[in-house]
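Participant: From the sequence below, what's the structure:
(chains A and B)
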Amino acid sequence: MNVPRRKGSALGLSFRLAWRNIWRQKRRTWLTALAMIFSNILLVFMISLQFGSYEMMINNTLRMFSGQVQVQREGYQDSQKMRQVVNDIRDLAGNIREMFPAASVAARANAFVLVSSEDRSFGTQLVGVEPDQEPGISSIPGLLTDGRYLDDPDAPEVVIGSVMARNLKVQTGDELTFLGSGRDGSFAAGVLEVVGIFSSGSQDMDRSLAEIPLGYFQEAFAMEAGGHVIALAVDELGAVPAMIGPLKAAIGDRDGLVALDWEELMPGLKQAIQADMTSAWFMYAVLIVLVAFSVLNTQLMSVLERTREFGVIMALGIKPRRLALLVLLETFLMASLGFLIGMLLGAFVSGYFAQAGFAYPGMDELAAKFNMPPVIYPSFDLLSIMLGPVVVFIFCLFAAIYPALKLYGLRPVDAMRAV
Amino acid sequence: MGMPVSAMSKLAWRNLWRNYRRTLIMLLAIALGVWAMIFMTALLRGMVDDMVRQGISALPGHVQIHANAYRDDPSVMHSLPAPDKALLDVLNSEQVLAWSSRIKVPAMISSEYDNAGVSLIGVDPDGELALGFNANDIIEGRFLSTAGDNGIFVGKKLLHRLETRLGKRVVVMSQDPENAIAERGFRIVGVFEAELKNLEENMVYAGRDVVQNMLGIGTDVSEIAVLDFDYRANDGLVSRIRPVAPADWEVLSWVELDPYLGTMMRVMNGFVLVWMVVIFLALSFGLVNTLMMAVFERVREIGLMRALGMRPSAIVYQILVESIMLLVLGLVIGNLVAIGTIAPLKDGIDISVVAEGMEMMGASSMLYPVLQWTDLLLANAVVIVLGIITSLLPAWRAARYRPVEALSRT
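Facilitator: Reported below is the predicted structural model:
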């Protein structure tokens, strides 16, 4: 082997050599590749399941009611006081709607009241909504099991959750009275007709949410033209960060208003995902390191058993660097094998469950706690498929560094004498 | 068997260290796997234990008795009369750690500034403390003194929301059995803090007699909460109470009262086993590989032993002993490291950066790892049993070499 004239052919030669070398010990190579394949299948499936469930958790929670971004008076998020008002809320909502034609924008107001039917009384949250805008933000108007959604912005009508309806023992057409206090501390009361009942699947929502038209709300609670929240919803969660800046600029001239994104609106959701992510990556890390050990062992053995051979080659004038590269190339080929087969099989498994859905016994009860349906659909995209195998691949290459470095310590004469 | 056990194990031990690098790497891998099995399980157990503890103290009790319709419609209409003699006999027996009857109805609480929806809980303070109400959580004022105490005991978060403070008056409104509004003023006598913030916002405590009087329900209560000695086995208690309770009452353990928690416990048991097996599988490829290489290198030697009259079963034995030594050594290191890393974490791991997320799952912001003997045993059993099964393949291969062929190999 002289100094290569063309780089391409030398690389081609190394490639062929490395490929042959890894098949000298067929069983060992396959076992090592199998360890990678096993981990890769598992990682692809777990990661796509994880991403799929986060996406569902976020979407179900945000799309059901809150929206991805909200404009409110500063501090309203924590204390939810009646007097923390966004003035002329419908005008502001209209301006924001013009700024973001792709987004849905709806104004809301909240009050805590005691509602009574003929048989029962409960304390509950009453939300004033814009009947024509609300369906763009929230899935609840589409989840009616009985009656219709609100349509007149000023009518004394109410839509309530199915659990609340059952607890109050009311049906559509029945009347509810409510009792609370207005923005100025005055006494607020009225009679509402139940026009619709929704069933969202979230116990919390079905038990405690009642929606009435914003116009009527403003009148009953002495809100003038004010409200508490402007909710924004877009199709893609990824579009949210780009909206915050312009939104802040638009509300900048109004004192005391803030724009909050979903992470600020629901810190619990984000943190639950973070906590889950951390524990999941701890497990993945263990798996990946174990595979790397497997590769380390295999490559170390393959270097040690070739000590004589390497000694001869070095005596012929080949530099250790070349041989170290050869070992790395062998590892690269083996890791590619594990990468490709593992990723393909993993993608196959994920793809299957992305169609069929995945569930395990007991998942209904756990999923309900996070507003999730009892079946998860793994997310089937490039990131969730590639992420695990790429990390495994990189760690396997790292694992080959120690065996490759061993070659630098090799002295041809001693090596040729080795058994 | 031809060869004494001591000689065989000595041989296996020496064989193990003929290629010390390979053995060390494998040992490291086994130890890491075992450590991860035990450590991760201890963290998960700690989290679930915490969730169960929080859940049971929020219920409270291990077993609760309600009117059949109460859980679906927690209204004052579905109350229970005070327990009769037969039930009292069971509740006051030795097998019950503590019990108390309580009223729990939805209510609205108003200060002069704001109002909020809460659960109004009428308690006998001694009984409530016996059920496990944590007196250390009182940050201002005092807990209620008797069932006839005129004061009200509220959470810190609710206090802020209502913009009121200790010593101030609040008005509580609920409904009486005729659906008339029952309302009463209370003075705030104490403020509590809870690990789960939603409890601070949703629970207000008042004297049981006072609440019964306010609602006009005589001596009726909403529920009877009973504390058992161990949360893991409450079916016995349920089956003792069931026969002495009327048919239209339900007697349920916490597993049924909070299906999320009950399921969590069950799913976690399954998950722990899956986790251990997955880790083992990841290890098994390396294990087979190591043993295969060991066999392959020694083909001539094995051939010689066979030619000298060693039976194939002895060869299988030989390789198995070598593998068991490797596994046991890995297990010992893994167990020791696991115990050594869990012990310093006894005082808890602060995970308050994700406190609100943990609260969504029903856990608090401190994580206390729990090392159960059964988990330790399970991890060791999984590694040894599956390890031996996995080693059978290389051992069987080794025994299959025909002496003459093997000897002629280079």
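Participant: Give me the distance between B:M264 and A:R417.
Facilitator: According to C-beta to C-beta, to the nearest Å, B:M264 stands 63 Å off from A:R417. Every residue, glycine included, has its C-beta placed from N, CA and C.
Participant: One more: A:T177?
Facilitator: Counting by C-beta to C-beta - A:T177 and A:R417 are separated by 100 Å.
Participant: By mean pLDDT, point me to the weakest helix or strand of chain B.
Facilitator: Between all helices and strands in chain B, the lowest mean by mean pLDDT, DSSP states H and E belongs to helix B:403-408, at a mean of 76.
Participant: buried stuff in that one?
Facilitator: By neighbour count on 16 or more other C-beta atoms under 10 Å in any protein chain shown, the buried set for helix B:403-408 is B:P403, B:A406, B:L407.
Participant: Now do that helix: which elements does it pack against?
Facilitator: Secondary-structure packing of helix B:403-408 (3 or more C-beta pairs under 8 Å, 6 or more residues apart in numbering or on different chains; DSSP states H and E): helix B:299-307.
Participant: Can you name every helix or strand that the helix it packs on contacts?
Facilitator: Using 3+ C-beta pairs under 8 Å, 6+ apart as the contact test, the elements touching helix B:299-307 are helix B:312-342, helix B:403-408.
Participant: helix or strand for the residue in chain B that chain A sits nearest to, which one?
Facilitator: Chain B approaches chain A most closely through B:G357 (2.7 Å), counting by C-beta to the nearest C-beta. Following DSSP states H and E, one finds B:G357 within helix B:355-361.
Participant: Restrict that helix to CA atoms and write it as CSV.
Facilitator: Presented in CSV, the C-alpha positions along helix B:355-361 are these (Å, rounded to 0.1, in the frame of the first residue of the first chain):
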residue,chain,number,x,y,z
ALA,B,355,-43.8,21.2,40.9
GLU,B,356,-46.9,22.2,39.0
GLY,B,357,-46.4,19.3,36.6
MET,B,358,-46.0,16.9,39.5
GLU,B,359,-49.1,18.3,41.0
MET,B,360,-51.0,17.5,37.8
MET,B,361,-49.9,13.9,38.3
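Participant: Just after it, pick out the following helix or strand.
Facilitator: Counting by DSSP H and E, the next helix or strand C-terminal to helix B:355-361 is strand B:366-367.
Participant: what's the burial count for A:G409?
Facilitator: 9 (other C-beta atoms under 10 Å in any protein chain shown).
Participant: quick one: it from B:I279, how far?
Facilitator: 34 Å.
Participant: tell me the centre residue of the chain?
Facilitator: No chain was given, so I picked chain A. A:Y54 (3.3 Å; C-alpha atoms, centre = their mean).
Participant: Sorry, I should have been clearer: chain B.
Facilitator: Nearest to the mean C-alpha position of chain B, by C-alpha atoms, centre = their mean, lies B:D49 at 3.0 Å.
Participant: Does B:Q54 belong to a helix, a strand or coil?
Facilitator: helix (DSSP: H, G, I helix; E, B strand; the rest coil).
Participant: who's in contact with it?
Facilitator: B:E195, B:L196, B:G362, B:A363, B:S364 (C-beta atoms under 8 Å, 6 or more residues apart in numbering or on different chains).
Participant: Just the buried positions in the helix or strand hosting B:I241, please.
Facilitator: Using DSSP H and E, B:I241 sits in helix B:235-241. Buried residues in helix B:235-241, defined by neighbour count with 16+ other C-beta under 10 Å: B:L237, B:V238, B:R240, B:I241.
Participant: Find the nearest non-adjacent residue to the third one, please.
Facilitator: When you say that, I think you mean B:R240. What sits nearest to B:R240 in space, not counting adjacent residues and going by C-beta to C-beta, 6 or more residues apart in numbering or on different chains, is B:V90, at 5.5 Å.
Participant: Helix B:312-342 and the helix or strand where B:M40 lies, what's the angle between them?
Facilitator: For B:M40, the host element (DSSP H and E) is helix B:20-58. Helix B:20-58 runs at 50 degrees relative to helix B:312-342, counting by axes from the mean of the first three to the mean of the last three C-alpha atoms, to 10 degrees.
Participant: What's the mean pLDDT across helix B:20-58?
Facilitator: What helix B:20-58 shows for mean pLDDT is 90.
Participant: low-confidence ranges in chain A?
Facilitator: A:1-10, A:253, A:371, A:418-419 (pLDDT under 70).
Participant: in it, what residue is nearest chain B?
Facilitator: For chain A, C-beta to the nearest C-beta, closest residue to chain B: A:Q271, 2.7 Å.
Participant: What count of nearby residues applies to A:P131?
Facilitator: 22.
Participant: List the residues that contact it.
Facilitator: A:Y149, A:L150, A:D151, A:D152, A:P153, A:P213.
Participant: what does the stretch 151-300 of chain A have sitting close to chain B?
Facilitator: For the stretch 151-300 of chain A, the residues in contact with chain B (C-beta under 8 Å from any C-beta of the partner chain) are A:166-167, A:180-181, A:185, A:208, A:267-275, A:278-279, A:282-283, A:286-287, A:289-291, A:293-294, A:296-298, A:300.
Participant: Might you enumerate the residues of the stretch 151-300 of chain B proximal to chain A?
Facilitator: So far as C-beta under 8 Å from any C-beta goes, the stretch 151-300 of chain B lies against chain A at B:160-161, B:173-175, B:179, B:181, B:259-260, B:262-264, B:266-267, B:270, B:275, B:278-279, B:281-283, B:285-286, B:288-290, B:292-293.
Participant: Quick one: buried ones out of those?
Facilitator: By 16+ other C-beta under 10 Å, these give B:160-161, B:173-175, B:179, B:259-260, B:262-264, B:267, B:275, B:278-279, B:281-283, B:285-286, B:288-290, B:292-293 as buried.
Participant: what does the stretch 1-150 of chain B put close to chain A?
Facilitator: B:19, B:21-22, B:25-26, B:28-29, B:32-33, B:36, B:40, B:43-44, B:72-73, B:75, B:106-108, B:110, B:113-118.
Participant: Among the residues you listed, the buried ones, what's the PyMOL command?
Facilitator: With 16+ other C-beta under 10 Å as the criterion, this PyMOL line picks the buried residues out of those:
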select buried, chain B and resi 19+22+25+26+28+29+32+33+36+40+43+44+73+75+106+107+108+110+114+115+116+117+118
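Participant: Any regions of chain B where pLDDT drops low?
Facilitator: B:1-3, B:135-136, B:409-410.
Participant: Show me the strands in it, by range?
Facilitator: According to DSSP state E, chain B carries its strands in the segments B:63-67, B:98-110, B:115-123, B:138-141, B:151-155, B:169-175, B:181-192, B:203-207, B:223-227, B:249-253, B:349-350, B:366-367.
Participant: thinking again about what came up before, and the helix holding B:I241, what does it pack against?
Facilitator: Counting by 3+ C-beta pairs under 8 Å, 6+ apart, helix B:235-241 packs on strand B:63-67, helix B:85-91, strand B:249-253.
Participant: Now distance to A:R108 too, for the ones you listed, in a markdown table please.
Facilitator: Shown next, in a markdown table, are these (distance: least, C-beta to C-beta, whole Å):
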| stretch | distance to A:R108 |
| --- | --- |
| strand B:63-67 | 36 |
| helix B:85-91 | 49 |
| strand B:249-253 | 38 |
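Participant: B:G190 is nearest to which of these?
Facilitator: strand B:63-67 (24.7 Å; C-beta to C-beta).
Participant: That closest one pairs with which strands?
Facilitator: Under the criterion DSSP bridges, strand B:63-67 sits next to strand B:223-227 (antiparallel), strand B:249-253 (antiparallel) in its sheet.
Participant: one step back: among the contacts of B:Q54, list the two that are farthest apart in space.
Facilitator: Pairwise over these, using C-beta to C-beta, the maximum falls at B:E195 and B:G362, 10.4 Å.
Participant: hang on, the earlier thing: spatially, what comes nearest to the residue nearest to the centre of chain B if we skip its sequence neighbours?
Facilitator: Nearest residue to B:D49, sequence neighbours excluded (C-beta to C-beta, 6+ apart): B:V370, at 5.2 Å.
Participant: Nothing else from me, thank you.
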